[in-house]
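**Student:** I would like the atomic coordinates for the input below:
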Amino acid sequence: MSRAARLLDLIQIFRRSRHPVTAAGLAHSLGVSERTIYRDILTLNAQGADIRGEAGLGYVLGSGFTVPPLMFTDGEIEAVVLGLRWVTKLGDDRLGLDAADALAKITDVLPPDLRARIDDAPLLAAARETERARAAGLTLLREAMRAERKLAIVYIDSSGQRSKRQIWPLVIGFFKDAEVLAAWCEMRQAFRHFRLDRIIGITATSEALPRRRRRLLAEWRQAEGIVHH
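**Tutor:** Residues are numbered from 1 along each chain as shown. The predicted model follows:
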């Protein structure tokens with residue numbers, strides 16, 4: 001691995017880490033000595049990175065640092081392109097447009113050889129009508145989650161029973177066979193999961209969530225035993 005590639009990998013490790021990373025841990029991840037890590041950190045700081053170290057804890061990267069030019073490996077290009085193409089095809093209209101804009105911005109700043117690889121990426125995403133139908137309410141759901149507002153829904157459960165619910169929408173999970181909304185259900189007084197294709201009516205309300213969505217998400221993760229990395 002070249003030193004330039006190692007510096008990029010070092011930055012990526014910092015970006016992925018939610019907690020301080022020790023020099024020993026960095027050295028193990030990159031297959032180099034701790035002395036090399038110390039030199040690399042000095043180099044990155046000289047280039048404008050805000051890498052702070054604290055004895056006994058490790059290093060963290062401050063916000064706002066980018067490494068020009070924007071570079072991707074072949075695998076990273078395929079992952080980014082497939083993900084954005086998938087959202088373009090299967091998301092709601094607004095989210096699809098945002099994904100297309102994001103892909104255009106990424107393409108615009110890449111060097112010509114990498115730009116060509118985006119056009120030639122071997123992975124495609126295609127929409128089926130059933131998936132489009134399930135995604136029909138995504139815009140309203142995303143707006144409610146962003147604004148931290150309650151929603152009123154009409155839901156049909158697996159036994160065909162219809163009910164009206166007042167919910168606090170938290171997060172949407174995209175799975176192979178369905179999209180699922182996790183929310184607090186006022187009727188059940190508990191967290192519940194609603195398949196989007198079984199929500200047959202959605203009405204926005206002006207009622208704010210009683211607690212911040214971030215806090216509710218943490219409570220949901222704890223209730224579900226989900227480890228958040």
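**Student:** all contacts plus neighbour counts: C-alpha atoms, from now on.
**Tutor:** Fine.
**Student:** the helices in the protein, which residues?
**Tutor:** Taking DSSP state H as the criterion, the chain carries its helices at 3-16, 23-30, 34-46, 74-90, 93-109, 112-119, 129-134, 138-147, 213-224.
**Student:** Lowest mean pLDDT across these, which one is that?
**Tutor:** Mean pLDDT is lowest for helix 129-134 among the helices of the chain, at a mean of 50.
**Student:** quick one, domains of this structure?
**Tutor:** Split into domains by automatic domain parsing, the chain comes to 3-61, 74-127, 132-224.
**Student:** Any chance of the ones you listed in JSON lines with mean neighbour count as columns?
**Tutor:** JSON lines is the format used below for these (neighbours: other CA atoms under 10 Å):
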{"stretch": "domain 3-61", "mean neighbour count": "15"}
{"stretch": "domain 74-127", "mean neighbour count": "16"}
{"stretch": "domain 132-224", "mean neighbour count": "16"}
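**Student:** From Gly48, how far off is the residue nearest to Arg6 when sequence neighbours are not counted?
**Tutor:** Sequence neighbours aside, Leu30 is the residue nearest to Arg6 in space, at 7.3 Å (criterion: CA to CA, 6 or more residues apart in numbering). Remark: distance between Leu30 and Gly48 (CA to CA, to the nearest Å) = 21 Å.
**Student:** what's the answer for Leu8, then?
**Tutor:** Using CA to CA, Leu8 is found at 14 Å from Gly48.
**Student:** same question, Ala223
**Tutor:** Taking CA to CA as the measure, Ala223 falls 41 Å from Gly48.
**Student:** One more: Ile167?
**Tutor:** Here Ile167 is placed at a distance of 46 Å from Gly48 (CA to CA).
**Student:** contacting residues for the residue nearest to Arg6?
**Tutor:** Counting by CA atoms under 8 Å, 6 or more residues apart in numbering, Leu30 touches 6, 9-10.
**Student:** Verify the stated contact: Gly58 with Ala23.
**Tutor:** Yes - between Gly58 and Ala23 there is a contact at 6.6 Å, judged by CA atoms under 8 Å.
**Student:** Verify the contact between Leu140 and Thr205 for me.
**Tutor:** No - the pair Leu140 / Thr205 is not scored as a contact, 10.8 Å apart, by CA under 8 Å.
**Student:** contacting residues around Trp168?
**Tutor:** 148-151, 183-185, 209 are the contacts of Trp168 under CA under 8 Å, 6+ apart.
**Student:** circling back to that earlier point, please convert the helices of the chain to JSON lines, extending it with distance to Asp177.
**Tutor:** Shown next, in JSON lines, are the helices of the chain (distance: least, CA to CA, whole Å):
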{"stretch": "helix 3-16", "distance to Asp177": "29"}
{"stretch": "helix 23-30", "distance to Asp177": "36"}
{"stretch": "helix 34-46", "distance to Asp177": "45"}
{"stretch": "helix 74-90", "distance to Asp177": "13"}
{"stretch": "helix 93-109", "distance to Asp177": "20"}
{"stretch": "helix 112-119", "distance to Asp177": "28"}
{"stretch": "helix 129-134", "distance to Asp177": "9"}
{"stretch": "helix 138-147", "distance to Asp177": "16"}
{"stretch": "helix 213-224", "distance to Asp177": "21"}
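**Student:** Indicate which one of those is closest to Arg195.
**Tutor:** Of all those, helix 129-134 sits nearest to Arg195, with 8.7 Å by CA to CA.
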